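Visitor: here is a sequence with its predicted model. Questions after.
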Amino acid sequence: MAHTRALALGVILLATLTLFASFPQNAAAQGIVFLGVGEHRLECPSSESVEYQWFVYDDSTSSYLVQLSVNVSSGSGWSSQLSDLVFVLDPGESKMVTLTVDAKGDVSSKTVNQSVSFAFTDLNGTSGAFTRAGYAETEFIPAWGVVAPGKNKLLNRFDTPLPAPFDNNYVTFAANMCIWAGIALLVAYVVDPAMHLVTKRTKTDIDDRILKILRIPIFVIIIVFGLVSSLTILPLADREVGTVFEIYGIALIAILTFIVYKIFKEVLIYLGKKWAGRTHTEIDDVIIPVIDKVGGLIILVFGAIAIVNNLGYDITFLLAGVGVFGLVIAFAAQDALSNFFSGMALLLDRPFSEGDYITLASGEMCKVEKIGIRSTRLHDVFANNLIVLPNNKLANDKLVNLTEPSEQAVSDITLTVPYGTDIDKVEKVLADIARKHKEVLKEPNKEPSVRITSFGEAALEFKLYFWVGDIMIKWRVGHELRREISRRFSEEKIEIGVPQRVVQIRESSRKA
């Protein structure tokens, strides 16, 4: 029994000595307890930081001056900072020292080692000076959350099951690409058709349009992400990895810009045109194409700016240049802009609409065919010509809208009868002719009327006023009424007056 106890005590003593021997920095030296806290081999993502900590405790009767310094073995782009560079540790006091390690996006080495030196000086002069060292190893992880180069993992997390010598990074790269290609094909030929079966049952076709737009971009995104993720498995230099990520960022921005552009064009503009087709106004028919062109251009410009910004260039000067360029363009195209805003004013103020008949300041009677962004197209009714006028001219000229407030129009026929003609008879015949015409209106306040308008030199001047339901027939109706007037006046023995001139010749009283 005693032998067994002695053997057990020996084993415990040996284990204790082995434990202290395996952690020499954690052992008390000169009354100082020096202990590393947590992991001292960490991964640091790009543009982020990690922390390492050491615990120091004064278990002696002396005070110690502690001076710290850090030594970075290699690697530009890394920075290290200690929480304290010097402090005094009195008996019974403790201190937690933190080392913060930062990694920029352009590090030259994917792994860096730091050595932190703790120099202890006994302020009482009893035990002298001594040093202790803490070590930290940091591994760089590139941006976008993709695994660090050299990590031989399937899909960034699973160990490769391939036997040697096929368990190297290059074979894993090829296997990863095959897996990502399979995922992309699965999405394109299984998930996408299944989604189309669901969207076909809906009442709208918007979801079908969105799925059609997203099919190719999602396939490309999966392939590009898989390629970048697989490339980082290879033992590439950090500069090469940075180039890969720049291209990756440009590709993502280009794909997202394409998606936004297609959704804007094929969904939003499509809905806008459908809505415009249901309304009776022309303004939406003009504004929707303007939004289509301007909005698409703005999306492409913002996509280009995002790519330039992703490459690390300052876009402030670029935006300022775009502003100056915009001013130059606005100055050079002031006539076009004037016509554009005049067109908007015509559509909003609505002095006339498409299909209306107007009389221009120059006298032409025209039908409005199309109100465009820059100009308006007019059909000259009598000359059968197409007139194209800038919108700013139409907005500033005096126009007569013959269609408003209604399509009904008033016209008149002028004639003369000699003095001495029965006025009552003339009025009765003219009014009877107008009332019997089927296209002359007989509505209240729009009935035919006859008026004496002037006393001529040799005849009375009459005017027959009549209304028609459409302005475009008033000339034909006037012709038919004149024919009937000529016939009836002939029957009623009413003479139509003609201008007369009396010439008197006087004999000269001068003799030869």
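Guide: Good, I have the coordinates.
Visitor: so how far is stretch 243-257 off the chain centroid?
Guide: 18 Å (CA atoms, centre = their mean, to the nearest Å).
Visitor: offset the numbering so it begins at 15, please.
Guide: OK, 15 is where the count begins now, so the last one is stretch 257-271.
Visitor: quick one: mean pLDDT for it?
Guide: What stretch 257-271 shows for mean pLDDT is 87.
Visitor: same check, this time on stretch 409-423
Guide: pLDDT averaged over stretch 409-423 gives 82.
Visitor: how about that stretch as CSV, C-alpha atoms only?
Guide: Extracted C-alpha coordinates of stretch 409-423, given in CSV (Å, rounded to 0.1, in the frame of the first residue of the first chain):
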residue,chain,number,x,y,z
ALA,A,409,-45.9,78.0,-77.1
ASN,A,410,-45.3,81.7,-77.9
ASP,A,411,-47.4,82.3,-81.0
LYS,A,412,-51.1,83.2,-81.1
LEU,A,413,-53.2,80.2,-82.1
VAL,A,414,-56.9,79.6,-82.7
ASN,A,415,-58.2,76.3,-81.5
LEU,A,416,-61.2,75.5,-83.8
THR,A,417,-62.1,72.3,-82.0
GLU,A,418,-62.6,73.9,-78.6
PRO,A,419,-64.9,74.3,-76.7
SER,A,420,-66.7,71.9,-79.1
GLU,A,421,-66.4,70.5,-82.6
GLN,A,422,-69.5,72.5,-83.7
ALA,A,423,-68.7,75.5,-85.9
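Visitor: max-length helix in the protein?
Guide: helix 297-324 (DSSP state H).
Visitor: helices or strands up against that one?
Guide: Packing partners of helix 297-324 (3 or more CB pairs under 8 Å, 6 or more residues apart in numbering; DSSP states H and E): helix 252-277, helix 283-292, helix 330-346, helix 348-363. The way it works is simple: take the backbone N, C-alpha and C, and place the C-beta from them, glycine included.
Visitor: what is the orientation angle of that helix with helix 252-277?
Guide: Relative orientation of helix 297-324 versus helix 252-277 (axes from the mean of the first three to the mean of the last three CA atoms, to 10 degrees): 180 degrees.
Visitor: wait, L82 sits on L96?
Guide: Yes - assessed by CB atoms under 8 Å, L82 is found in contact with L96 at 5.4 Å.
Visitor: so for those two, which residue has more residues nearby?
Guide: For L82 versus L96, neighbours defined as other CB atoms under 10 Å are more numerous around L82 (19 against 15).
Visitor: which secondary structure state does that one sit in?
Guide: Judged by DSSP: H, G, I helix; E, B strand; the rest coil, the three-state class of L82 is strand.
Visitor: and V382, by the same measure?
Guide: strand.
Visitor: show me what contacts it?
Guide: 366-372, 390-392 (CB atoms under 8 Å, 6 or more residues apart in numbering).
Visitor: likewise for K477?
Guide: 426-428, 464-465, 467 are the contacts of K477 under CB under 8 Å, 6+ apart.
Visitor: and C380, bridged to which residues?
Guide: Beta-bridge partners recorded for C380 (DSSP bridges): I372, D394.
Visitor: okay, domains of this protein per the record?
Guide: Here the domain assignment for the chain is 37-155, 183-344, 350-415, 423-505, based on automatic domain parsing.
Visitor: looking at those domains, which is closest to F172?
Guide: Smallest distance to F172 across those (CB to CB): 9.9 Å, for domain 183-344.
Visitor: check the offset of that closest one from the chain's centre.
Guide: The answer for domain 183-344 is 11 Å, by CA atoms, centre = their mean.
Visitor: and the residue lying closest to G483 once chain neighbours are set aside, how close does it get to E453?
Guide: Setting aside the residues directly before and after it, G483 is nearest to Q422 in space (CB to CB, 6 or more residues apart in numbering), at 5.7 Å. In this view, Q422 and E453 are 11 Å apart by CB to CB, to the nearest Å.
Visitor: below-threshold pLDDT in the stretch 165-314 of the chain: ranges please.
Guide: Low-confidence segments of the stretch 165-314 of the chain (pLDDT under 70): 165-166, 170, 173, 181, 250-252, 291, 293-300.
Visitor: which element is F69 on?
Guide: Assigned by DSSP states H and E, F69 belongs to strand 63-72.
Visitor: buried residues, that strand. List them.
Guide: For strand 63-72, burial by neighbour count (16 or more other CB atoms under 10 Å) applies to 64, 66-68, 70-72.
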